[in-house]
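S.K.: with the input below, show me the fold.
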Amino acid sequence: MSAVIEGIVMGLVATIVMDIWALVLRQFAGMPMPNWAMVGRWAGHLPSGKVFHDDISAAAPVQNELALGWAVHYVVGIIYGIFFALIAGAAWLAEPTFLPVWIYALLTIAAGWFLLQPGMGLGVALSKTPNPNKGRLFGLIAHTWFGIGLWIGALIV
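M.R.: Have a look, this model is predicted:
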């Protein structure tokens, strides 16, 4: 199987695992689910050159922003899976170990901290939110689950 196909499976499984974690948090800790509509709104404004917003909720809505947000979420997860599969190579894919994929998954949070969150008006690494450290911690935990999902996906393929 090609590394790209394996990476697609890894990224898809990882994103599903991350979403299951969000459902567990909602069910047992009362935490809200990620607002993928706002991610879709942010992505919907990118073609017009608008990357950074003061407050994404105040930006003009875009058509099908919730579906767009979910699509962006899964496409990014799949891209991360492909990149890792290509970087790790055939030897790792033949015998996947957790540590490298976990480190990689933790590093993927950088896109959220330094592009998505500032782009949505939340500041670098959620610095403009009421409790940035809590958000950062839960982001790292979610990306740990993403790493577990990448590893499970690699084990499956």
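S.K.: how about the helices of this structure, start to end?
M.R.: 3-29, 36-45, 65-94, 98-107, 109-111, 117-119, 132-156 (DSSP state H).
S.K.: and the fifth one, what's buried?
M.R.: In this case it means helix 109-111. Residues of helix 109-111 classed as buried under the neighbour-count rule (16 or more other Cβ atoms under 10 Å) are residue 109. All C-beta spots, glycine's among them, are computed from the backbone N, C-alpha and C.
S.K.: I'd like the mean pLDDT over that helix, please.
M.R.: For helix 109-111, the mean pLDDT works out to 97.
S.K.: residues in contact with that helix: which ones?
M.R.: If you take Cβ atoms under 8 Å, 6 or more residues apart in numbering as the criterion, helix 109-111 is touched by 76, 139-140, 143.
S.K.: OK, contacts around residue 84?
M.R.: 7, 10, 101, 104, 150.
S.K.: among the residues you listed, who's most crowded?
M.R.: Neighbours were tallied for each of the contacts of residue 84 (criterion: other Cβ atoms under 10 Å), and the maximum of 33 neighbours falls on residue 150.
S.K.: how close does residue 137 get to residue 126?
M.R.: Between residue 137 and residue 126 the computed distance is 10 Å (Cβ to Cβ, to the nearest Å).
S.K.: neighbour count: these two, which is higher?
M.R.: A direct count of neighbours by other Cβ under 10 Å for residue 137 and residue 126 places residue 126 higher, at 21 against 11.
S.K.: residue 139 versus the more buried one, what's the distance?
M.R.: When distance is defined by Cβ to Cβ, residue 126 is 8 Å away from residue 139.
S.K.: and for residue 97?
M.R.: Here the criterion is Cβ to Cβ. By it, residue 97 lies 24 Å from residue 139.
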